[in-house]
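K.L.:
Just to be clear, the model below is a prediction. Sequence and coordinates:
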Amino acid sequence: MTPNSDNEDGEEVSPRKRRRTSKDTRQPRTRTLVLVPVLKRPQRSSDAAKAVRETHTPENRLSEAVGLANAIDLDVIYSAIVPMSEPRPSTLLGSGKVDELGGRVHDLDIGLVVVDHALTPVQQRNLETAWNTKVLDRTGLILEIFGARARTREGVLQVELAHLSYQKGRLVRAWTHLERQRGGSGFLGGPGEAQIELDRRMLQDRIDTIKRDLKDVVRTRNLHRKGRRKVPYPIVAVVGYTNAGKSTLFNKITGAGVVAMDQVFATLDPTMREVKLPSARRIILSDTVGFISDLPTMLVAAFRATLEEVVEADLILHVRDIAHEETEAQARDVEKVLNELGIDTLPVDGHILEIWNKIDLVSHERRAELQYEAQRNERPPVLVSAATGEGIVPLLDAIDGRLSVADEVLDIIIPGSLGSLLNWLHETCDVLAREARKDGSVELRLRIASEKKDRVLGQLRKAGLKV
């Protein structure tokens, strides 16, 4: 036995016991209760009622809310769908339901209640008072996740800006845990600036400072973007509902090591990689943050600089989890965010290519239905499985096809003495046909990508060829 395997009494300590002992020293996870308020009957003239999302089933809303809580390692002890007759201005839920849930919060020793609904500052304060615990609404929880995921300076600044904008209206709360110094960009603490004790004026000063810092970041990003335009490679942006498999697909195409897991918002900061298509066309593929229903407007605004990669993309790949029962509702949520960014989601211009992912998870009958539906579509989607790699080659061909609409076909004869130019054309263009002539020259039919047209024609003229 080695000295490290014994305790102080000389008794051997098993590896399992050592692991359990080391875990005991870690900070305990916050015991959490997740609630999804649902109207019993939709009300026609109630703006508050419209705030409750009805495009998704209550069961899926609950599953998604629990997934959001798990994304920041909260310990979900209890979750429930809570029916309500109408939203109450003071507490959202009825007094009887508030008392009932208060008893459950006490019995389960809950440290945090997540309400999957937008709460006003007054509702949040009153619920915290009634339940004697901390309460987060959907927006606050999503801000927490973004704060935990941000890694780049730009991402951290954007999350902090969104959080401070959200927090400005919630300084009415008077909890001691909100009065102490706490850091990071979220409610649950972490390293960062002390923000809670700031009054509205100081918050605004900090917001102004962050906006100035973000201008510098945006300026740098624009310089990088201009540099890419000089290459020039088309930008292809990958978007989709969170957990639709965007990052898995990105990794499969590029071989990159982007974090890809069964978790919402696993990827926050954008990643860009160069990809060579079958036609030899080179593109820059950009993986962006996943969207979600009711994504806070302040987050869309804060991440506008990051999402400009989507706005300026030559082609957008909309990845859908086609095996999900609410794939249509998720697609509408993504289109809503794209519309907020000023992107036309109508299929007529061919700017968006839909990718129906996770076909490996559907039945043979369902797959046949999807294939038939895809064939009848005005802009046919591509069926793929990012996990298995099925459909990746047709996807690359489809990307090539969408980007080649403005390409030019050129017939030209290359003298035998210009072997280096011939090789360069093979690397740069899509050679549709090649025929050797008796005089040693080569007749080529080239398809020249629109973004490379000036560069190719310049090289041909430089070699003394007429084009």
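P.N.:
Looks like it came in fine.

K.L.:
residue nearest the centroid of the protein?
P.N.:
In the chain, the residue lying closest to the centroid (CA atoms, centre = their mean) is Gly290, at 1.6 Å.

K.L.:
Next, work out how far apart that one and Leu157 are.
P.N.:
For Gly290, the distance to Leu157 equals 20 Å [CB to CB, to the nearest Å]. The C-beta positions use only the backbone N, C-alpha and C, and glycine is treated the same way.

K.L.:
same question, His426
P.N.:
From His426 across to Leu157, the span is 45 Å (CB to CB).

K.L.:
ranges for the helices of the stretch 1-150 of the chain?
P.N.:
15-24, 47-50, 58-70, 95-107, 121-131, 138-149 (DSSP state H, counting those that start in this stretch).

K.L.:
For Leu383, which of the ones you listed is the nearest?
P.N.:
Leu383 lies closest, by CB to CB, to one member of the helices of the stretch 1-150 of the chain: helix 58-70, at 22.9 Å.

K.L.:
re earlier: the more surrounded of His426 and Leu157?
P.N.:
For His426 versus Leu157, neighbours defined as other CB atoms under 10 Å are more numerous around Leu157 (21 against 14).

K.L.:
Next, give phi and psi for that one.
P.N.:
Dihedral pair for Leu157: phi -60, psi -40, per degrees, to the nearest 10.

K.L.:
Make sure Ser247 is actually in contact with Asp287.
P.N.:
Yes - contact criterion CB atoms under 8 Å: Ser247 and Asp287 qualify, at 5.8 Å.

K.L.:
Those two: who's more crowded?
P.N.:
Asp287 (29 against 25).

K.L.:
ok so, going back, name the nearest residue to the residue nearest to the centre of the chain, ignoring sequence neighbours.
P.N.:
Thr242 (3.1 Å; CB to CB, 6 or more residues apart in numbering).

K.L.:
Which elements pack onto the longest helix seen in the chain?
P.N.:
Determined from DSSP state H, the single longest helix within the chain is helix 200-230. Here helix 200-230 touches helix 153-167, helix 304-311, going by 3 or more CB pairs under 8 Å, 6 or more residues apart in numbering; DSSP states H and E.

K.L.:
Of the ones you listed, which shows the lowest average pLDDT?
P.N.:
Lowest mean pLDDT of the helices and strands packed on helix 200-230: helix 304-311, a mean of 69.

K.L.:
May I have stretch 436-448 exported as CSV, CA atoms only?
P.N.:
Provided in CSV are the C-alpha atoms of stretch 436-448 (Å, rounded to 0.1, in the frame of the first residue of the first chain):
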residue,chain,number,x,y,z
ALA,A,436,-5.4,18.5,-74.4
ARG,A,437,-4.6,19.9,-77.8
LYS,A,438,-2.0,18.7,-80.4
ASP,A,439,0.1,21.9,-79.9
GLY,A,440,0.6,21.1,-76.2
SER,A,441,-1.9,23.6,-75.0
VAL,A,442,-4.9,22.8,-72.8
GLU,A,443,-8.5,23.9,-73.4
LEU,A,444,-10.4,24.5,-70.2
ARG,A,445,-14.0,25.2,-69.3
LEU,A,446,-13.9,26.9,-65.9
ARG,A,447,-16.6,27.9,-63.4
ILE,A,448,-15.3,30.9,-61.6
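
K.L.:
what mean pLDDT does it have?
P.N.:
Taken as a whole, stretch 436-448 has an average pLDDT of 90.

K.L.:
Quick one: residues in contact with that stretch.
P.N.:
Contact partners of stretch 436-448, identified using CB atoms under 8 Å, 6 or more residues apart in numbering, comprise 279, 404, 407-416, 422, 425, 429-435, 456-457.

K.L.:
For PyMOL, write the selection for the buried entries among the residues you listed.
P.N.:
Selecting only the buried entries of the contacts of stretch 436-448 in PyMOL, with 16 or more other CB atoms under 10 Å as the criterion:
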select buried, resi 279+404+407+410+414+415+422+425+429+430+431+456
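
K.L.:
now, which of the contacts of stretch 436-448 lie within strands?
P.N.:
408-414, 430-435 (DSSP state E).

K.L.:
what's the closest of these to Ala329?
P.N.:
Among these, Asp430 lies closest to Ala329 (CB to CB), at 39.4 Å.

K.L.:
wait, what's in contact with that closest one?
P.N.:
Contacts of Asp430 by CB under 8 Å, 6+ apart are Ser279, Ala280, Arg281, Asp407, Leu446, Arg447, Ala449.

K.L.:
wait, isn't the second one in contact with Cys429?
P.N.:
Yes - with contact defined as CB under 8 Å, Ala280 reaches Cys429; the gap is 6.7 Å.

K.L.:
pretty sure Leu307 contacts Leu341?
P.N.:
Yes - contact criterion CB under 8 Å: Leu307 and Leu341 qualify, at 5.8 Å.

K.L.:
hang on, the earlier thing: report the angle between the longest helix of the chain and helix 153-167.
P.N.:
150 degrees (axes from the mean of the first three to the mean of the last three CA atoms, to 10 degrees).

K.L.:
could you point out which element follows helix 200-230?
P.N.:
Per DSSP states H and E, the first helix or strand lying C-terminal to helix 200-230 is strand 235-240.

K.L.:
just checking, what packs against that next one?
P.N.:
When contacts are defined as 3+ CB pairs under 8 Å, 6+ apart, strand 235-240 packs onto helix 246-254, strand 282-287, helix 304-311, strand 315-321, helix 327-340.

K.L.:
what's the average pLDDT for it?
P.N.:
90.

K.L.:
Alpha carbons of that strand, as CSV, please.
P.N.:
Only the C-alpha atoms of strand 235-240 are listed here, as CSV (Å, rounded to 0.1, in the frame of the first residue of the first chain):
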residue,chain,number,x,y,z
ILE,A,235,-19.4,33.8,-45.3
VAL,A,236,-21.8,31.0,-44.4
ALA,A,237,-23.4,31.4,-41.0
VAL,A,238,-25.0,28.5,-39.0
VAL,A,239,-28.1,29.4,-37.0
GLY,A,240,-30.7,27.4,-35.3
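
K.L.:
Good, we can wrap up now.
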